[in-house]
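In: Sequence plus predicted model, see below.
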Amino acid sequence: MRAHLATALSAALAATALAGCSTSDDTIRIGAIAGLTGNFITAEVVRTAQRVFDDANEAGGVNGKKIEFIVKDDAGNPQRTAQVARELDSEGVVAMAASASFTDCDVNDAFYRQSDISSIMAVAASPKCFQSPNIAPVNVGPFTLMTAVLLYASEELDAKAVCNFTVVLPGSEDAIKQALGDWERISGQKLVVNDMTVQQSGDLTPYLLKAKQAGCDAILFNPAEQLVVPWLQAAKTQGMSDVNFLLLAPAYTDSVATAVGGLGLKVHAGSEFEPYTVESPANAAWRDTVNRAQQPATAFSQGGYLAAKFLVDVLRTIEGEVTRESVNAALRGMAPIEHPMLGTPFTFGTGESHAPNQASKMVRLDGTKWVVASDEFITIPAGG
Amino acid sequence: MLVSAAIAGLATGGAYALMGLSTLLTYRLVAVVNFAQAAVGAFGAFAMVVLYEAGLPLPLAVPAGLAVAALLHMGLGVVMVRWFAEAGEGVKAAVTIAVYTGLVALGLRLFGAQHPRRFPSPFDGPALTVGGVVVTWTAVLTMALAVLFAVGPALLLRHTRLGLLLRAMAERPTTAELIGVRVPRLSMVVWGSAGAASALAIMIVAPQLASDFSSQTLLITPALAAALIGGFSSFAWTFVGGVGLGVLQGLASTVTQLQQYRGVLPFLVILVVLVWTRRRDRWDEPA
């Protein structure tokens, strides 16, 4: 037994030593933080991104060097989020790509600024992700998406009495108010009911009764799947089958479709990217990648694919040594990249904050399937 | 509007009452303030959903889920009887908090947090319409079950020999054992039934609440508030407390100035009840 232990130990030591050796200049290190365990799992994001980097490596790498993608699991725990960012820093990553951690921006923004690390995020959900000179998310995010979904209601669905029921997570109140204000300014309408005090616990019927009372014909509801299902079930109970229910991207999943598809309600959701459930030419390359990565095809994995792809594109423009400095310079000087999965081109640039994605498509429930509701991207007017 | 909000609150109130009554049952019979009560119930309910999703028919999945919760609660009971039989209430409560934390972590692992489970709701049809609110059969059933939970144990304890034995066991376990009551066996039955009861409660109310494991386990807060209104002794007042709390939350969501404090209402109720029941205590005099 003791001999075994010794062998195992020395093997482990040797492995560590080997790993230590490879920190030399023969790879380009890219970092990512995601939830591989814990409350909210985003493993498919980084695994799809890994496939993109593997593809780039198999095609000869970047400037003859291989990309080494280091993924750290933060388990949704802010202390871990902070710790793994520092680990990635000391492991010498030149940039972050395809991160999908909900605490990353809030916890690490200041650290990224301090240590000059730029991040192309795959899944950004906090206002901080859109307010940093060092972070540019590929997704629209829950705030701009609210504006886009409301625009769809007022313009495409011709809604006249739009209402909003929002669960406000700490720190996002201003961003939500701004998103709602943007819609009111662009559409010239006012929200008939705007309730930003929705609780995550308890029965949701009182809110629906309020909406019914006010005669809402379109109702925006922002939470994720767990709350969307009882929300729509309660709406069904109260007989609200002529109202348009508007949801955000976190509700655009197969499990929501199967859980509430049979209720016969009018349900719409913002998809952020080209809707993942659609077999379109725009999705072909991503779908091929996610299949080869053997990961579930989700909207999150689209984010992972795009973030990794854009970083590889930018890395290829760098002449000479790929370092943190040269990557930062390349990101800030990059030409905007058009991609058919996006409504607006992706760019990093020199701004004090980045929100390149300003467009979303819409899907609606048809039976227990999501189908495309808007062929064109709904783009927030610039300056809006 | 106020009336309809209050009626809508009744459904939630029934759920709070059910959970509060299961908690009270555990306390009255085995003298443990069980913070893990809702977690045990949620465990059973999720086990039922997993089996149901795997293709087991509902009439079989429900008893299986109840059995899981009963066994789990009996497991907790074994720990209590074996190692903490003579410990104070504080220690026992602390143990249940530890179990609660463990169950939440385990539940997240086993049942996933990300995607909503599809709780079967066979009683989702509208039963009646009152004041513009459609009341479902689920709500009616919840209320009926809550009444049953409130009346049943009270009658059992007061009027049957089994109730007498149970009361003896709860008040003086050692004495009861010395006069020949088979305390360990009897308490296992109690733990098992209380676990199954809370699983049944969660199964019924789950479709109308956030359908993830941790939200369900949080039902323990309003449940404890309800039990506190009953002074941890009265089944009837616990029922009133649970229903009242639900109605209060329904009302609060219509009053703009109050709606954002809706979530803290259980704590407020706990605070008011504690202050009220302790109003005659004089803390500055030696006991």
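Out: Arrived safely, thanks for sending.
In: Tell me if residue A:154 really is in a helix.
Out: Yes: assessed by DSSP: H, G, I helix; E, B strand; the rest coil, residue A:154 belongs to a helix.
In: and the nearest residue to it once chain neighbours are set aside, how many neighbours does it have?
Out: Nearest residue to residue A:154, sequence neighbours excluded (C-beta to C-beta, 6 or more residues apart in numbering or on different chains): residue A:187, at 4.3 Å. For every residue, glycine as well, the C-beta is placed using N, CA and C. By the measure other C-beta atoms under 10 Å in any protein chain shown, the count of residues near residue A:187 is 16.
In: Please apply the same query to residue B:206.
Out: 25.
In: Let me see the contact set for the residue nearest to it when sequence neighbours are not counted.
Out: Of all residues beyond its chain neighbours, the one nearest residue B:206 is residue B:119 (4.5 Å), with distances taken as C-beta to C-beta, 6+ apart. Listed by C-beta atoms under 8 Å, 6 or more residues apart in numbering or on different chains, the contact partners of residue B:119 are B:45, B:49, B:203, B:206, B:207, B:211.
In: how close does the single nearest residue of the stretch 1-150 of chain A relative to chain B get to residue A:103?
Out: Nearest to chain B in the stretch 1-150 of chain A, going by C-beta to the nearest C-beta, is residue A:39, at a distance of 4.9 Å. Applying C-beta to C-beta, to the nearest Å, the value for residue A:39 to residue A:103 is 11 Å.
In: Compare those two (neighbour count), which wins?
Out: Taking neighbours as other C-beta under 10 Å, residue A:39 and residue A:103 compare with residue A:103 leading, 20 against 14.
In: correct me, but the more buried one touches residue A:74?
Out: Yes: using C-beta atoms under 8 Å, residue A:103 makes contact with residue A:74 at a distance of 6.7 Å.
In: Between these two, which contacts overlap?
Out: Common contact partners of residue A:103 and residue A:74 (C-beta under 8 Å, 6+ apart): residue A:81.
In: how about the nearest residue to residue 124, chain neighbours excluded?
Out: This is for chain A. With sequence-adjacent residues excluded and distances taken as C-beta to C-beta, 6+ apart, residue A:124 is closest to residue A:137, at 3.3 Å.
In: let's do chain B instead
Out: The shortest distance from residue B:124 to any residue other than its chain neighbours is 5.6 Å, reached at residue B:136 (C-beta to C-beta, 6+ apart).
In: List the contacts of the one you found.
Out: Counting by C-beta under 8 Å, 6+ apart, residue B:136 makes contact with A:237, B:11, B:123, B:124, B:125, B:126, B:127.
In: Surely residue B:207 is in contact with residue B:122?
Out: No: using C-beta under 8 Å, residue B:207 makes no contact with residue B:122, being 9.8 Å away.
In: Show me which of the two is the more surrounded one.
Out: Neighbour totals were compared for residue B:207 and residue B:122, and residue B:207 leads with 21 against 10 (other C-beta under 10 Å).
In: Show me what counts as buried in stretch A:130-147.
Out: A:130, A:132-147 (16 or more other C-beta atoms under 10 Å in any protein chain shown).
In: Let's verify the spatially most central residue of chain A: helix, strand, or coil?
Out: By C-alpha atoms, centre = their mean, the mean C-alpha position of chain A lies nearest to residue A:123, the distance being 2.2 Å. With three-state DSSP as the basis, residue A:123 sits in coil.
In: Just give the nearest non-adjacent residue to it, would you?
Out: Spatially, and ignoring its direct neighbours in sequence, residue A:123 is nearest to residue A:100 (4.0 Å; C-beta to C-beta, 6+ apart).
In: correct me, but the one you found touches residue A:35?
Out: Yes: the criterion here is C-beta under 8 Å, and residue A:100 meets it with residue A:35 at 7.0 Å.
In: any common contacting residues for these two?
Out: residue A:42.
In: Over to the closest residue in space to residue A:232 that isn't next to it in sequence. Which of the three states is it?
Out: Among residues not flanking residue A:232 along the chain, residue A:260 sits closest, at 4.5 Å (C-beta to C-beta, 6+ apart). Using three-state DSSP, the structure places residue A:260 in helix.
In: Surely residue A:260 touches residue A:367?
Out: No: assessed by C-beta under 8 Å, residue A:260 is found out of contact with residue A:367, at 11.0 Å.
In: so which strand or helix has residue A:325?
Out: helix A:324-332 (DSSP states H and E).
In: Spell out which parts of chain A neighbour chain B.
Out: Residues of chain A lying near chain B by C-beta under 8 Å from any C-beta of the partner chain: A:38-41, A:195, A:197, A:199-207, A:209-210, A:212-213, A:225-230, A:233-234, A:236-239, A:253, A:255-256, A:258-259.
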